[in-house]
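[1] I would like to see how this sequence folds:
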Amino acid sequence: MAVSNSNNVHEKHTGPTALSDFILGWQDGLVNILGIVLGVSAATSDIKILLVAALAALGAESISMGAVAYTSTSARRRHYLKEVEQEKKEIREVPEIERKEVEDVFKEWGYKGRKLKEMTDGICSNDKAWLEFMMAHELKLGPIAKNAAATSFITVTLATLLGSIIPIIPFLFLPNNIPVGIEWSVALSAITLFIVGFYEAKITVGSLWISGLRMVAIGLTAGFAGYLIGHFLGAAPL
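    You can find the predicted model right below:
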């Protein structure tokens, strides 16, 4: 008799850290370089200055964002490991208090009477389960892999680099026409921002169109701020 393999289907899930790292790097890189491009173009008509400023910012921003992602992830991992050791100590030295905390969590979930005792006994009879339960439901902390900081660094650096290239592309094909290059840069950036926002909502929750338009609004507002700064500084006497 044929056996359906529907129960063997393995669902693939996108890790929240990987997604947030990608969006953080991509959006930051694109928005920052767009702001620089618009700001420099408002202050000068020299395409060489514009490209040098944008490419210099691209390199610095990519490395900087990657470094920030690395250090912040490392700090979160160290914090998690410290809390693990503290929780182990408390389970060992004051088990009755820790057991009560487990019981309180189950009470919040609606367990009562004998079922409450069974659930609490089950968790507290296994040290590993007890520790992980307390980390997740008392401290609200999730484990952070040993290589998470390096992975975060690579993801954010590459995402920032890729996002930063988008506003520059038109000027590589229109080196002698800054006004048209600006129009294409803004249009290309807006389309890319919308796609990223649309994709974010598709794999999480929320309206696809609202998410996409929100991402566009954030990016173009930041870019316009750069344009205003460049415009007024360029017009101001030195």
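[2] rest of the way, CA atoms for contacts and neighbours
    Noted.
[3] who touches stretch 145-152?
    Stretch 145-152 has contacts (Cα atoms under 8 Å, 6 or more residues apart in numbering) with 17-18, 21, 66, 69-74, 77.
[4] how about the helices in this protein?
    For the chain, helices defined by DSSP state H occupy the ranges 16-43, 47-93, 95-108, 113-124, 127-137, 148-165, 169-173, 178-203, 208-235.
[5] how about the contacts made by T120?
    T120 sits next to 99, 102-103, 106 when contact means Cα under 8 Å, 6+ apart.
[6] as TSV, these with neighbour count would be great.
    Converted to TSV, the contacts of T120 look like this (neighbours: other Cα atoms under 10 Å):
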residue	neighbour count
R99	17
V102	22
E103	21
F106	18
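[7] using CSV, please lay out the helices of the chain together with mean pLDDT.
    Formatted as CSV, the helices of the chain follow (pLDDT from 0 to 100):
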stretch, mean pLDDT
helix 16-43, 84
helix 47-93, 94
helix 95-108, 96
helix 113-124, 95
helix 127-137, 95
helix 148-165, 94
helix 169-173, 89
helix 178-203, 85
helix 208-235, 77
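[8] ok, for E90, nearest residue in space, not its chain neighbours?
    E98 (7.1 Å; Cα to Cα, 6 or more residues apart in numbering).
[9] hang on, isn't the one you found packed against R92?
    No. E98 is beyond contact range of R92, at 9.2 Å (criterion: Cα atoms under 8 Å).
[10] of these two, who's got more company?
    E98 (20 against 12; other Cα atoms under 10 Å).
[11] now that one: how far from L81?
    Note on E98: its distance to L81, by Cα to Cα, to the nearest Å, is 18 Å.
[12] how about N177?
    Distance, N177 to L81, by Cα to Cα: 55 Å.
[13] no further queries at this time; thank you.
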